[in-house]
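[1] Task: produce atomic coordinates for the following.
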Amino acid sequence: MNLQLERLLKNVQRPGRYVGGEFNQVIKDKAGVDVRVAFCFPDTYEIGMSNLGLRIMYGVINDIGGVWCERVFAPWIDMEEQMRGSGVELYGLESGDPIREFDIIAFSLGYELSYTNVINMLDLAGIEPRASDRPLSAPLVIAGGVCCYNPEPLSDFIDLFVIGEGEEVIGEIVSVFRDGKSAGSGKSEFLKAVSKIGGVYVPLSYDIGYNNDGTLCNITPLDGAAMPVEKRVIKDLDNSYFPVGTIVPSTELVHDRVVLELFRGCVRGCRFCQAGNAGRPLRSRSCEILIQQGIKALKSSGYDELALLSLSTSDYEQLFDLCDGLLDWCEPRRISLSLPSLRADNFSIELMERIQKVRKSGLTFAPEAGSQRLRDVINKNVTENDLLETCRIVFEGGWSSVKLYFMLGLPTETDEDVVAIADLSRSVLNTWKLSGSNKKRGVRITVSTSCFVPKPHTPFQWEAQITMDEYRRRVDLLRDALRAKAITYNWHSPEQGFIEASLARGDRRMGKVIEVAWQHGARLDSWSECFSLEKWLAAFEKCGLDAGFYALREREADELLPWSVVTAGMGHEFLLQEREASRDGRVTPDCRELCSGCGACKVLK
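    Next up is the predicted model:
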């Protein structure tokens, strides 16, 4: 660490965020490296280091011969002030070198409210945020992650986007980059060559036209570019990279534990869920491989908790065998097993007995809607009896804390549906009262609601978000109906949800809004203490755009959508069929019961 940086760290909170030097980090000899990659997570260290995708890509890139990947995180406000005041540029944690000197700067985009952080990090690095303003000598700026399923809002700033899973495609991009570097090719020649790689979207290869009403009239691919760009998928997870030599952080993380990824994709088909729809098809790791990976990761890190992670962990077919195999090694060492994403319709006594062997942690379930009618609309396929029976098992098994997650503002939601959340929560409380659990300990039921955000590549991508005022009215309605000492009610900010929806369904004109919001001081917008709706609304006004046009407007079925330039594998007609099924309250069975013909499995053939 240089002396200038050491002086800065004396003036900031959590200096451990900025020093690197962790156990299992990758250090390489610069003399043997010809490509340097800065892997940038546009949020703080403790958020980014909790992200499994970052750890996977960090290992994958560093496994490429002659390539050194370093981690970069967004500084907190105090550190940014120190850096700007002292002229310290954004640097890689491993080497401390300014990332302006690297070859490739890669951003992981996991949520829309990080977009201003992308611009801020480029600016802190001394790099022009807009791709058109960067000289040919500037690093290549790329991005991947779930937000890239609508790449348009950041297309002014990113040279190329990776659509889908990045483990294989990153090596192909590096190979083309090396070839161009050896041949002395310019950036335009490189971008033309790399656009031929499957799963790569280069914004410069597409021309966008608008109608007088602000909707899109055309998306025209140039020079033979693909239309649409199809996502990349890892077909064989057993033989794909997994970070068993996980980095041990230098400060406490949000999720400070070893994580095992059981599978990717989802069989359930919840109509609001972008991750579930875009992540299809389902691909699982074998039980034997997972046990080996879990034990190796625990041995190399010293953690005392192992989390089994996927969109719906209890859907893993070999879950009991996996828990038994891991606990044979974990239980004698007092290492706990946790399952963060459980469904209420397949929880069991046997599963509960396995995960409580070392220590109990709070359990979380997401019914999403209070009434069965609305759960059928969103295709949740969970009944009230499912939830109450699960809660009975939980309470009788000794748990006294349950969290329930719901959304407000789902399509077709009525006041009766809102009040039904309170009714369902009280039924959970009554289940505890009737159970054989220890009443002296009491019970704590936490109900949380967030505002529904329509997301691209889902059956609800055409739907409108409710207004902030309407969300607050429904919050008040639910709060008044939830009055019970043992029930705590928390609700998320409608202001953040409104901007999230605007960005999620934005087009290329959104780039100017993001830039102006950043110029007005917007950054770290996913943190409530940093978020300012006023700055965003001022940016929209200055750019002559209306946030409500993107968030609050229902799309026509034949409207050309900004994200039509890429595909997540789900057929357009299938998404429309699912939207119509939602309006009729018809449920679609999960993939294991009946193939719904979504089209996602064609990538496996």
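
[2] show me what contacts the closest residue to K296 other than its chain neighbours?
    In space, K296 comes closest to V244 once its chain neighbours are excluded; the distance is 3.9 Å by Cβ to Cβ, 6 or more residues apart in numbering. Using the backbone N, CA and C atoms, a C-beta is placed for each residue, glycine as well. By Cβ atoms under 8 Å, 6 or more residues apart in numbering, the contact list for V244 reads Q293, K296, A297, S300.

[3] show me the contacts for the nearest residue to W76 once chain neighbours are set aside.
    In space, and not counting its chain neighbours, W76 is closest to T44: 5.9 Å by Cβ to Cβ, 6+ apart. By Cβ under 8 Å, 6+ apart, the contact set of T44 is R17, F73, A74, P75, W76, L524.

[4] swap the cut-off to 7 Å and go again
    By Cβ atoms under 7 Å, 6 or more residues apart in numbering, T44 lies in contact with R17, F73, A74, W76.

[5] sorry, back to before: look up phi and psi at the residue nearest to K296.
    Per-residue torsions, V244: phi -70, psi -30 (degrees, to the nearest 10).

[6] those helices in the stretch 301-450 of the chain, which residues are they?
    With DSSP state H, counting those that start in this stretch, the ranges of helices along the stretch 301-450 of the chain come out as 319-330, 349-355, 372-377, 384-396, 415-434.

[7] could you dump those helices to JSON lines with mean pLDDT and distance to N11?
    Formatted as JSON lines, the helices of the stretch 301-450 of the chain follow (pLDDT from 0 to 100; distance: least, Cβ to Cβ, whole Å):
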{"stretch": "helix 319-330", "mean pLDDT": "92", "distance to N11": "42"}
{"stretch": "helix 349-355", "mean pLDDT": "73", "distance to N11": "44"}
{"stretch": "helix 372-377", "mean pLDDT": "97", "distance to N11": "51"}
{"stretch": "helix 384-396", "mean pLDDT": "90", "distance to N11": "47"}
{"stretch": "helix 415-434", "mean pLDDT": "96", "distance to N11": "46"}
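
[8] Nearest to P459, out of the ones you listed?
    With Cβ to Cβ as the criterion, P459 lies closest to helix 372-377 of the helices of the stretch 301-450 of the chain, at 10.3 Å.

[9] in the closest one, what counts as buried?
    Q372, L374, R375, D376, V377 (16 or more other Cβ atoms under 10 Å).

[10] Let me know the closest of the residues you listed to D156.
    V377 (36.8 Å).

[11] wait, isn't the closest one in contact with T412?
    Yes. Here V377 reaches T412: they are 5.4 Å apart, a contact under Cβ atoms under 7 Å.

[12] Next up, the contacts around the residue nearest the centre of the chain.
    With distances taken as Cα atoms, centre = their mean, G110 lies nearest the centre of the chain, 3.8 Å away. Residues counted as contacts of G110 (Cβ under 7 Å, 6+ apart) are N51, G145, V146, C147.

[13] OK, contacts around the second one?
    G145 makes contacts with G53, S108, L109, G110, as judged by Cβ under 7 Å, 6+ apart.
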